[in-house]
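Q: what follows is a protein structure lacking sequence information:
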């Protein structure tokens, strides 16, 4: 919700994600990773602005890294994933 914080980069080799803005406006950047061990510094970063007044879902396929930042205070972003996480407690 803080407009000063940028959360980036999170890369996903095997996970696809869907982003939906529930409240406010969010700036999302994505980049296709060419080499996971040593990514090129010349990769193209695509920018998307999601606004809760214009309902839309941004799909980010596996093999991409993403980052995001709130444009408006108190923005809320919902993120869906196709990757199952299992937690095992002893």
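A: Yep, that arrived. What you see is a predicted model; the values in this text were computed from it and never measured.
Q: list the contacts for the residue nearest in space to the middle of the chain?
A: The centroid of the chain falls nearest to residue 66 when counting by CA atoms, centre = their mean (4.2 Å). By CB atoms under 8 Å, 6 or more residues apart in numbering, residue 66 lies in contact with 8, 9, 10, 12, 17, 19, 28, 29, 30, 31, 60. Quick note: C-beta positions are derived from backbone N, CA and C, even for glycine.
Q: which phi and psi does the spatially closest residue to residue 24 that is not a sequence neighbour have?
A: Sequence neighbours aside, residue 75 is the residue nearest to residue 24 in space, at 2.9 Å (criterion: CB to CB, 6 or more residues apart in numbering). Per-residue torsions, residue 75: phi -70, psi 150 (degrees, to the nearest 10).
Q: for residue 75, give its distance to residue 29.
A: To residue 29, residue 75 is 15 Å away according to CB to CB, to the nearest Å.
Q: repeat that for residue 21.
A: Taken as CB to CB, the span from residue 21 to residue 29 is 15 Å.
Q: what of residue 71?
A: 12 Å.
Q: buried ones in the lowest-mean-pLDDT helix or strand in the chain?
A: Scoring the helices and strands of the chain by mean pLDDT, DSSP states H and E places strand 6-12 at the bottom, with a mean of 93. Using 16 or more other CB atoms under 10 Å as the test for burial, strand 6-12 gives residue 12.
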